[in-house]
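Colleague: 3D model of this:
(one chain, ligands or ions: 2)
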Amino acid sequence: MKIAVLSRDERHLIELSRQLRARPGTDEVDMIAGTPARLTTLADDAVPDVLVVDQPDADAGDLDQLERLGHLFPHMAFVVLAEDLSQDFLLRAMRAGVREVLPARPPAAALAQALDRIAEKLGNQGSSNGKVLAFISCKGGSGSTFLATNLAYALSAGGTRSVALIDMNLQFGDASLFVSDIKPLATLSDVATQIHRLDPSFLASSMVSVTPNYSVLAAPSDPAHASDVKPEHIDAIVKLARRQYDFIVLDVGRSLDPVSIRALDHADTIYPVLQMTLPYIRDGKRLLTVFRNLDYGKDKVELIVNRHDKNSDIRLKDLEEAFETSALRTMPNHYDAAEKSVNQGVPITRLVPDSPLSAALLDMARDLTGDAAPQASTSLLGRLFSRRAA
Ligand SMILES: Nc1ncnc2c1ncn2[C@@H]1O[C@H](COP(=O)(O)OP(=O)(O)OP(=O)(O)O)[C@@H](O)[C@H]1O
Ligand SMILES: [Mg+2]
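Modeller: Numbering: from 1, shown residues only. Ligands and ions are numbered 1, 2, ... in the order given. The predicted model follows:
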């Protein structure tokens with residue numbers, strides 16, 4: 001692992017580095033004298049896996065700086081060493097995205113264990129080669145933006161994976177509003193027109209940060225800027241995003257043009273979204289013909305039947321026959337919950353966690369991450385609590 005130690009105090013810096021270098025393994029340990037602000041200009045290949053921060057000064061804004069670093073370099077983990085282990089400090093550190101807080105002079109074993117936990121997590125994440133998932137509407141209003149933005153949130157919700165959503169509806173994109181009330185300061189067309197500046201920090205700072213590990217690159221606010229975005233910009237942005245995020249979700253919208261086709265080319269999986277009515281099915285078939293012509297293999301395309309109603313005149317089996325596929329995923333119809341989520345700009349799995357639609361989104365996220373479904377607690381502690389509650 002690449003570890004950097006940051007301290008204002010040179011003596012601590014040397015002492016901590018010595019301690020870290022004594023760890024078995026092949027860690028690379030760098031020393032940085034100063035405050036977290038020093039790291040904001042790091043080049044992509046100089047970003048450490050772990051930053052050990054010695055006694056950040058919350059009052060001097062160090063925790064805010066760490067939060068900023070977390071957005072700039074979503075894969076970097078923080079270990080904070082602090083004299084002040086008050087509840088208030090811990091909460092502020094956690095909010096800034098810090099997972100490990102240790103006492104200012106940590107016993108060597110405690111520091112080593114914290115690093116082992118991080119190394120294990122990094123190992124589980126595999127390489128930094130993020131997966132690209134593209135959502136496309138077979139016809140307007142199918143729910144593809146809703147599903148893309150909410151699946152992206154569900155993928156990030158465990159806190160261990162970083163997710164970027166790119167809104168490619170160049171004319172009237174609205175994806176960021178589905179999950180956030182923050183007004184985007186920059187958009188895809190801003191990144192495209194300054195593509196020479198593209199690096200991890202420029203990309204991260206152009207996005208709306210929904211949570212510390214879920215960011216959205218909004219669509220151009222003015223449809224006139226749609227033409228700023230060219231296919232080669234998509235190549236550069238997706239290539240960089242793959243290195244920075246575990247999942248890159250593309251809301252491709254419904255127009256097929258050179259830019260959206262370039263996005264689909266990059267996708268590991270394409271999810272055409274349709275509903276169970278004939279107009280959607282007709283357009284869905286047309287779309288699949290285009291995909292065949294583009295040479296996209298069957299294993300790259302997974303249809304999603306949204307707003308699925310078991311009592312519909314058209315049965316799922318009919319659809320499977322019509323599309324000559326069994327790779328159909330369904331998302332249940334739950335209008336009240338979806339409407340509430342969209343109107344408030346809050347992800348449905350957070351706002352209405354007991355909705356069947358939330359359950360289906362979480363299922364899909366688990367299929368993609370390989371994480372197990374949460375089990376009813378059978379631990380001793382869990383049993384004790386449930387007994388006490390009974
Ligand atoms: N499973 C669902 N159950 C009930 N309502 C849903 C469901 N999915 C989406 N909706 C509703 O459908 C509306 C339209 O969805 P959305 O904007 O995502 O469609 P779209 O395919 O992106 O449309 P456009 O083609 O305009 O981009 C949303 O406002 C949402 O409330
Ligand atoms: Mg949409």
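Colleague: what's the least confident helix or strand in the protein, going by average pLDDT?
Modeller: Counting by mean pLDDT, DSSP states H and E, the chain has its least confident helix or strand at helix 380-389, which shows a mean of 45.
Colleague: Export the longest helix anywhere in the chain to CSV, keeping only CA atoms.
Modeller: Criterion DSSP state H: the longest helix present in the chain is helix 108-125. Output of helix 108-125 as CSV, limited to C-alpha atoms (Å, rounded to 0.1, in the frame of the first residue of the first chain):
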residue,chain,number,x,y,z
ALA,A,108,2.2,0.4,17.2
ALA,A,109,-0.3,-2.6,17.2
ALA,A,110,-3.3,-0.2,17.0
LEU,A,111,-2.0,1.6,14.1
ALA,A,112,-1.0,-1.6,12.3
GLN,A,113,-4.5,-3.0,12.9
ALA,A,114,-6.1,0.1,11.4
LEU,A,115,-3.9,-0.2,8.4
ASP,A,116,-4.6,-3.9,8.0
ARG,A,117,-8.4,-3.2,8.0
ILE,A,118,-7.9,-0.6,5.2
ALA,A,119,-5.6,-3.0,3.2
GLU,A,120,-8.3,-5.6,3.5
LYS,A,121,-10.9,-3.2,2.2
LEU,A,122,-8.7,-2.2,-0.7
GLY,A,123,-8.1,-5.8,-1.6
ASN,A,124,-11.8,-6.4,-1.7
GLN,A,125,-12.3,-3.5,-4.0
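Colleague: hmm, the helix or strand just after it touching ligand 1?
Modeller: The helix or strand immediately downstream of helix 108-125 is strand 131-137, counting by DSSP states H and E. Yes. Strand 131-137 lies within reach of ligand 1 by CB under 6 Å from any ligand atom, at residue 137. Just so you know, the C-beta spots here come from the backbone N, C-alpha and C atoms, and that holds for glycine as well.
Colleague: for the record, mean pLDDT for the next helix-or-strand element following strand 131-137?
Modeller: Moving toward the C-terminus from strand 131-137, the next helix or strand (DSSP H and E) is helix 144-156. Average pLDDT, helix 144-156: 98.
Colleague: quick one, helix 144-156 and strand 131-137 angle?
Modeller: Angle between the axes of helix 144-156 and strand 131-137 is 160 degrees (criterion: axes from the mean of the first three to the mean of the last three CA atoms, to 10 degrees).
Colleague: How about residues contacting the next helix or strand along the chain from helix 144-156?
Modeller: Downstream of helix 144-156, the next assigned helix or strand under DSSP H and E is strand 163-167. By CB atoms under 8 Å, 6 or more residues apart in numbering, the residues outside strand 163-167 that reach it are 130, 145, 148-149, 152-153, 155-156, 173-176, 188, 207, 213-219, 237-238, 241, 244-251, 263.
Colleague: quick revisit: so which elements touch the longest helix of the chain?
Modeller: Secondary-structure packing of helix 108-125 (3 or more CB pairs under 8 Å, 6 or more residues apart in numbering; DSSP states H and E): helix 10-21, strand 50-54, strand 77-82, strand 100-103.
Colleague: Pull out the buried positions in the shortest one.
Modeller: By neighbour count, and taking 16 or more other CB atoms under 10 Å as the criterion, the buried residues in strand 100-103 are 100-102.
Colleague: Could you chop the protein up by domain?
Modeller: 2-125, 141-369 (automatic domain parsing).
Colleague: closest one to ligand 1 among these?
Modeller: Comparison of these against ligand 1 by CB to the nearest ligand atom identifies domain 141-369 as nearest, at 3.1 Å.
Colleague: Now the terminal residues of that closest one, how far apart.
Modeller: One end of domain 141-369 sits 28 Å from the other (CA to CA, to the nearest Å).
Colleague: Contact partners for the residue nearest to residue 64 when sequence neighbours are not counted?
Modeller: Leaving aside its sequence neighbours, residue 64 sits nearest to residue 96 (CB to CB, 6 or more residues apart in numbering; 7.1 Å). Residues near residue 96 by CB under 8 Å, 6+ apart: 63-64, 66-67, 70, 78.
Colleague: what do you get if the cut-off is 6 Å, keeping everything else the same?
Modeller: Applying CB atoms under 6 Å, 6 or more residues apart in numbering to residue 96 gives the contacts 63, 66-67.
Colleague: what does the chain put close to ligand 1?
Modeller: Residues of the chain lying close to ligand 1 by CB under 6 Å from any ligand atom are 137, 140-146, 169, 253-254, 306-307, 331, 333-335, 338-339, 342, 357.
Colleague: follow-up on the earlier one: and the domains of the chain, which one averages the lowest pLDDT?
Modeller: In terms of average pLDDT, domain 2-125 trails the rest of the domains of the chain, at a mean of 86.
Colleague: For that domain, what is the distance to the chain centroid?
Modeller: When distances are taken as CA atoms, centre = their mean, to the nearest Å, domain 2-125 is centred 22 Å away from the chain's centroid.
Colleague: Find the residue at the geometric middle of the chain.
Modeller: When CA atoms, centre = their mean is applied to the chain, the residue found nearest the centroid is residue 163 (1.1 Å).
Colleague: which residue packs closest to that one, ignoring adjacent ones?
Modeller: Closest residue to residue 163 apart from its sequence neighbours, by CB to CB, 6+ apart: residue 156 at 4.1 Å.
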